[in-house]
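Visitor: Next comes the sequence, and after it the predicted model I'd like to discuss.
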Amino acid sequence: MLLSLPKMKKRIFLNNMIKSIAVIYGSDSSEWEVSVRSGEFTASQIDGGRYDVYELFARFGRWSLAAYRRRGEERVVIPEEERPLVDKTDFSVLLGDEKVKFDYAYIMQHGTPGENGLMQGYLEMIGVPHSGCDAFVAAITFDKFSCKSYLKDVDFVKCADDIFVRKGEVAEGLAQKAVERLGLPMFVKPTDGGSSFGVTKVKKVEDFDAAVEAAFAEGKTVMAEGAIVGRELTCAVYFNGQEHVALPVIEIITENEFFDYEAKYNGHSREVCPAQIPDALRDEIQAVSKNIYAHLGCAGLVRVDYIASEDGLYFLEVNTIPGMTSASLVPQMVRAAGLSMTDFLTTIIENS
């Protein structure tokens, strides 16, 4: 208790200093439009009686103020051609004659630079507190192969076998080697992408090379992974200031071959929340999710995806900036837990 008290005092002090929050959305990846929707929803749910909320659209190095909402006032949307640019030297913006310096950043950028540690590194260098994992953890978890490497030797979750490929190092006969090692079907995916961009379910060896090329269109490194048959389940974890808390588990039932972009965003899937699974499996997923959160050194809100197979629970990936539209998985979990979205976000902000 004596060891944790100074840290607690520091956190309370920082929280008392937070008056203006910058919600950063948009990104340099294929996920930028989803990121905008997530960011706008998140900004709308942050407590307007407690904080001034500023929405920053950030894409390819150009960061601008898209909208803002002062405490107790209505949201103001700024026309695109009139948006003031963010001064990156001190993370501020000139709004009319007023210089607004942001006290805290809520990162809602899916993909680079918000999910791979670059945005976190910038904020940490200039001393601005932010939501979620630190730069190092964000970088590790964003790369699917690296993240799995951190979990391959733990005893609380399984990982499917995989093969790593870097662009320019694709050897002749790789397709046959992958089939011999991983079997069919298998998944080929970029190691550092999201929203299922560049992901292919390969059923025939002759389709492997095209799948690799599709994955390379999204990034420089690719992973082929053995397909696991089972139920797709997901669970989010956050820190409430005292302990790690797991939200209700969701089962994802897709009409497509897998939970691809069409299934995620165009209504070709069904999400059951809370998942209709045995209590023992629910408890295992929640416990494993908290173990993964702690083992990787996560902070803020994180969502972990799994396949529950006949021979055990398999880890798929960690999402350190999960989707946050009104229909996204985490908001569904929050509602199922009986929490208000506004109170939940306040908890994340106060304890990141």
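Guide: Received, thanks.
Visitor: C-alpha only now, for contacts and for neighbours.
Guide: Will do.
Visitor: check contacts around residue 86.
Guide: If you count contacts by C-alpha atoms under 8 Å, 6 or more residues apart in numbering, residue 86 has them with 63-65, 92-94.
Visitor: ok, so of the residues you listed, who is nearest residue 228?
Guide: Nearest to residue 228 among the contacts of residue 86, counting by C-alpha to C-alpha, is residue 63 at 40.8 Å.
Visitor: Name the nearest residue to residue 111, sequence neighbours excluded.
Guide: residue 29 (5.5 Å; C-alpha to C-alpha, 6 or more residues apart in numbering).
Visitor: quick one: secondary structure of that neighbour?
Guide: coil (DSSP: H, G, I helix; E, B strand; the rest coil).
Visitor: what are the ranges of the helices in this protein?
Guide: Assigned by DSSP state H, the chain shows helices spanning 5-17, 32-45, 118-126, 135-142, 144-151, 174-182, 208-216, 261-265, 279-296, 329-336, 341-351.
Visitor: The ones you listed: which one's closest to residue 222?
Guide: Ranking the helices of the chain by proximity to residue 222 (C-alpha to C-alpha) places helix 208-216 first, at 6.3 Å.
Visitor: Now do the buried residues in that closest one.
Guide: Residues 208, 211-216 are the ones in helix 208-216 that count as buried (16 or more other C-alpha atoms under 10 Å).
Visitor: List the contacts of it.
Guide: 167, 175, 188-190, 197-200, 202, 222.
Visitor: Could you save those as TSV and add columns showing neighbour count, pLDDT and distance to residue 69?
Guide: Supplementary listing: the contacts of helix 208-216 in TSV, determined by neighbours: other C-alpha atoms under 10 Å; pLDDT from 0 to 100; distance: C-alpha to C-alpha, whole Å:
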residue	neighbour count	pLDDT	distance to residue 69
167	12	90	45
175	18	94	53
188	28	95	43
189	28	93	39
190	30	92	37
197	18	76	33
198	24	83	37
199	26	90	38
200	23	92	41
202	23	94	47
222	29	95	41
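Visitor: Which single one of the residues you listed is nearest to residue 339?
Guide: Of all those, residue 339 sits closest to residue 197, with 31.6 Å by C-alpha to C-alpha.
Visitor: contacting residues for the nearest residue to residue 318 once chain neighbours are set aside?
Guide: Spatially, and ignoring its direct neighbours in sequence, residue 318 is nearest to residue 304 (4.6 Å; C-alpha to C-alpha, 6+ apart). Residues counted as contacts of residue 304 (C-alpha under 8 Å, 6+ apart) are 234-236, 289, 315-319.
Visitor: which one of these sits closest to residue 33?
Guide: Closest to residue 33 out of the contacts of residue 304 is residue 319 (17.2 Å), distances taken as C-alpha to C-alpha.
Visitor: The closest one pairs with what?
Guide: In this structure, residue 319 bridges to residue 303 when assessed by DSSP bridges.
Visitor: What's the separation between it and residue 116?
Guide: Going from residue 319 to residue 116 by C-alpha to C-alpha, to the nearest Å gives 11 Å.
Visitor: shared neighbours of these two, anything?
Guide: Going by C-alpha under 8 Å, 6+ apart, residues that sit against residue 319 and also against residue 116 are 141-142.
Visitor: neighbour-wise, which of those two wins?
Guide: Neighbour count, other C-alpha atoms under 10 Å: between residue 319 and residue 116, residue 116 has more, with 26 against 19.
Visitor: And that one, its phi and psi?
Guide: phi -110, psi 10 (degrees, to the nearest 10).
Visitor: show me what contacts it?
Guide: Residues in contact with residue 116, defined by C-alpha under 8 Å, 6+ apart, are 135, 138-143.
Visitor: Then residue 158?
Guide: Listed by C-alpha under 8 Å, 6+ apart, the contact partners of residue 158 are 152, 312-315.
Visitor: Just to check, residue 92 is in contact with residue 104?
Guide: No. Using C-alpha atoms under 8 Å, residue 92 makes no contact with residue 104, being 10.9 Å away.
Visitor: Please spell out which residues along stretch 126-135 are buried.
Guide: Of the residues in stretch 126-135, those scored as buried under the neighbour-count criterion (16+ other C-alpha under 10 Å) are 129-135.
Visitor: returning to that earlier point: closest to residue 242 among the contacts of residue 158?
Guide: Residue 242 lies nearest to residue 315 out of the contacts of residue 158, by C-alpha to C-alpha, at 26.1 Å.
Visitor: Bridge partners for the closest one, pull those for me.
Guide: Listed beta-bridge partners, residue 315: residue 159, residue 306 (assigned using DSSP bridges).
Visitor: Okay, it and residue 122: tell me how far apart.
Guide: Taking C-alpha to C-alpha, one finds residue 315 at 30 Å from residue 122.
Visitor: sorry, back to before: compile the contacts of residue 158 into JSON lines and extend it with columns for distance to residue 294.
Guide: Conversion of those to JSON lines gives the following (distance: C-alpha to C-alpha, whole Å):
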{"residue": "152", "distance to residue 294": "15"}
{"residue": "312", "distance to residue 294": "21"}
{"residue": "313", "distance to residue 294": "18"}
{"residue": "314", "distance to residue 294": "18"}
{"residue": "315", "distance to residue 294": "15"}
